[in-house]
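A.B. asks: no sequence on this one, just coordinates:
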């Protein structure tokens, strides 16, 4: 409820800037025939999300929770982002709890949870970087250097830094979880990145990357259909870059899964690619309806059923 009020308040402020009459006009002419595409794309993305969780459990002869239980863990993670003020930390906490119920040690559970979170952003970063490169050369929509240059610089830096700190010659020393809390947090973060480095060359890693790409691809297709519902469109590289730039707001420590912040960031990013403010606002509202709010009810229900899910994980691990 609070999240809906926040999102509504942010939307009202943007609608005021765009002109309420213009926003009403865009709402009236929105083509609902595109909404089923949004639904299917969102569901495909969630299936990919669950697939990554399942592969995370199965690594190195871990228990296979099956598709249904992996989907339940995925929904619990989403539910935590909806009801916990620090949504990202809440999702990590309940996912860690699920891995502990599956008989992983405290250290192994924490490393896998952080590794899964890192793995998601491997495909995200690669897609954003390739799109920024194409857009920078003017081949997939126009955008200012302010939108493309950060991606072109930051993503390679992050990959290079991860490669350096997870090198086997350094990893043992850098992942020693002794000392102050910041030192331990850094050690676990490096261990999570090292887990990704170990997983990627394997068949399981390839499947996990594929599921991750499916998750991001589903979200991009959902945004694509939402834009078409109001008669707008963007070239694919510009669409991916706009989505990625708007999604960065979810990485920030915003309450309630970034409600409001993501809506505003994505709306104004679309305007940077030439979409007028009023249609951009309506397109983002449609996109968020299906990609964010659609899974909210089952996610919150899953969170309420967390003890039952934990018992099922105990059985799966046995």
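C.D. replies: Looks like it came in fine. Remember, it's a predicted structure, so these values are computed and weren't measured experimentally.
A.B. asks: is it true that residue 278 touches residue 28?
C.D. replies: No. Using Cβ atoms under 8 Å, residue 278 makes no contact with residue 28, being 11.5 Å away. In short, each C-beta sits where N, CA and C put it, glycine included.
A.B. asks: now the helices: where do they sit in the stretch 1-150 of the chain?
C.D. replies: For the stretch 1-150 of the chain, the helices defined by DSSP state H, counting those that start in this stretch cover 2-18, 20-29, 35-58, 66-83, 87-101, 106-136, 145-165.
A.B. asks: out of those helices, which comes closest to residue 206?
C.D. replies: Nearest of the helices of the stretch 1-150 of the chain to residue 206, taken as Cβ to Cβ: helix 35-58 at 9.6 Å.
A.B. asks: So which elements touch that closest one?
C.D. replies: helix 66-83, helix 87-101, helix 106-136, helix 203-229, helix 277-288 (3 or more Cβ pairs under 8 Å, 6 or more residues apart in numbering; DSSP states H and E).
A.B. asks: confidence score at residue 144?
C.D. replies: Looking at residue 144, its pLDDT is 73.
A.B. asks: nope, residue 254 is what I was after
C.D. replies: 52.
A.B. asks: picking that back up, residue 278 and residue 28 - which one has more neighbours?
C.D. replies: residue 278 (24 against 8; other Cβ atoms under 10 Å).
A.B. asks: so where's this structure uncertain?
C.D. replies: The chain contains residues with pLDDT under 70 at 1-20, 22, 85-87, 140-143, 249-260.
A.B. asks: I'd say residue 247 and residue 262 touch.
C.D. replies: Yes. Applying Cβ under 8 Å, one finds residue 247 in contact with residue 262, separated by 7.0 Å.
A.B. asks: just the angle between the helix or strand in which residue 315 is found and helix 66-83, please?
C.D. replies: Applying DSSP states H and E as the criterion places residue 315 in helix 306-317. Inter-element angle recorded for helix 306-317 and helix 66-83: 150 degrees (by axes from the mean of the first three to the mean of the last three Cα atoms, to 10 degrees).
A.B. asks: Now do helix 306-317: which elements does it pack against?
C.D. replies: Looks like helix 306-317 contacts helix 66-83, helix 87-101 (3+ Cβ pairs under 8 Å, 6+ apart).
A.B. asks: orientation of the longest one relative to helix 87-101 in degrees?
C.D. replies: Between the direction of helix 66-83 and that of helix 87-101, the angle (the same axes, to 10 degrees) works out to 140 degrees.
A.B. asks: relative to helix 203-229, how tilted is helix 66-83?
C.D. replies: 60 degrees.
A.B. asks: and helix 66-83, which residues are buried?
C.D. replies: 69-83 (16 or more other Cβ atoms under 10 Å).
A.B. asks: same deal with stretch 266-279?
C.D. replies: 266, 267, 268, 269, 270, 271, 272, 273, 275, 277, 278, 279.
A.B. asks: Count the residues that sit near residue 152.
C.D. replies: Neighbourhood size, residue 152 [other Cβ under 10 Å]: 16.
A.B. asks: quick one: it from residue 135, how far?
C.D. replies: To residue 135, residue 152 is 10 Å away according to Cβ to Cβ, to the nearest Å.
A.B. asks: got it, and residue 173?
C.D. replies: Per Cβ to Cβ, residue 173 is found 40 Å from residue 135.
A.B. asks: Measure how buried the residue nearest to residue 70 when sequence neighbours are not counted is and give me the count.
C.D. replies: Once flanking residues are discounted, residue 70 sits nearest to residue 54: 3.7 Å by Cβ to Cβ, 6 or more residues apart in numbering. Counted with other Cβ under 10 Å, the neighbours of residue 54 add up to 22.
A.B. asks: show me what contacts residue 54?
C.D. replies: 64, 65, 66, 67, 70, 211 (Cβ atoms under 8 Å, 6 or more residues apart in numbering).
A.B. asks: Comparing residue 247 and residue 262, which shows the higher neighbour count?
C.D. replies: residue 262 (24 against 20).
A.B. asks: Hmm, residue 245 and that one touching each other?
C.D. replies: No. Using Cβ under 8 Å, residue 262 is not in contact with residue 245; the gap is 10.8 Å.
A.B. asks: Now tabulate the helices and strands packed on helix 306-317 in JSON lines and tack on distance to residue 294.
C.D. replies: Below are the helices and strands packed on helix 306-317 laid out as JSON lines (distance: least, Cβ to Cβ, whole Å):
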{"stretch": "helix 66-83", "distance to residue 294": "11"}
{"stretch": "helix 87-101", "distance to residue 294": "17"}
